[in-house]
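Engineer: With the input below, show me the fold.
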Amino acid sequence: MLLAHPVVLWGLVKEYEALRVLQGAEGSAAARQRMDDLAYSLCLSTGTQDVDAALIAARYRLPGARTEDDSAVVD
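Structural biologist: This is a model prediction of the structure:
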């Protein structure tokens, strides 16, 4: 699977979150269409099938998301 560059993911996440706030306030058809486009791009970029999972996956891949090593520790 191809992964989007972290800068691209960051931009998609930030724009989606901003539009989600505006959608609640304005609810224009153009804002809804852009949110749908961003959701599709996020899902495609993260290999997920819904926008909530895509947002979680994108945030996980952003620099600084994992402050500790999450690999398995073997004693």
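Engineer: What distance do you get for the residue nearest in space to the middle of the chain to Cys43?
Structural biologist: The centre of the chain sits closest to Leu55, judged by C-alpha atoms, centre = their mean, with a distance of 3.3 Å. Between Leu55 and Cys43 the distance is 10 Å, computed by C-beta to C-beta, to the nearest Å. For every residue, glycine as well, the C-beta is placed using N, CA and C.
Engineer: For this protein, give me the ranges with low pLDDT.
Structural biologist: Applying pLDDT under 70 to the predicted model, the residue ranges of the chain that meet it are 1, 24-25, 65-75.
Engineer: Tell me which residues of the one helix or strand the residue nearest to the centre of the chain maps to come out buried.
Structural biologist: Using DSSP states H and E, Leu55 sits in helix 51-61. For helix 51-61, burial by neighbour count (16 or more other C-beta atoms under 10 Å) applies to Val51, Ala54, Leu55, Ala57, Ala58, Arg61.
Engineer: what's in contact with the host helix or strand of Tyr16?
Structural biologist: Element membership of Tyr16, judged by DSSP H and E, is helix 6-25. Contacts of helix 6-25 from elsewhere in the structure, counted by C-beta atoms under 8 Å, 6 or more residues apart in numbering, are 4, 31-32, 34-35, 38-39, 41-42, 45-46, 51, 55, 58-59, 61-63.
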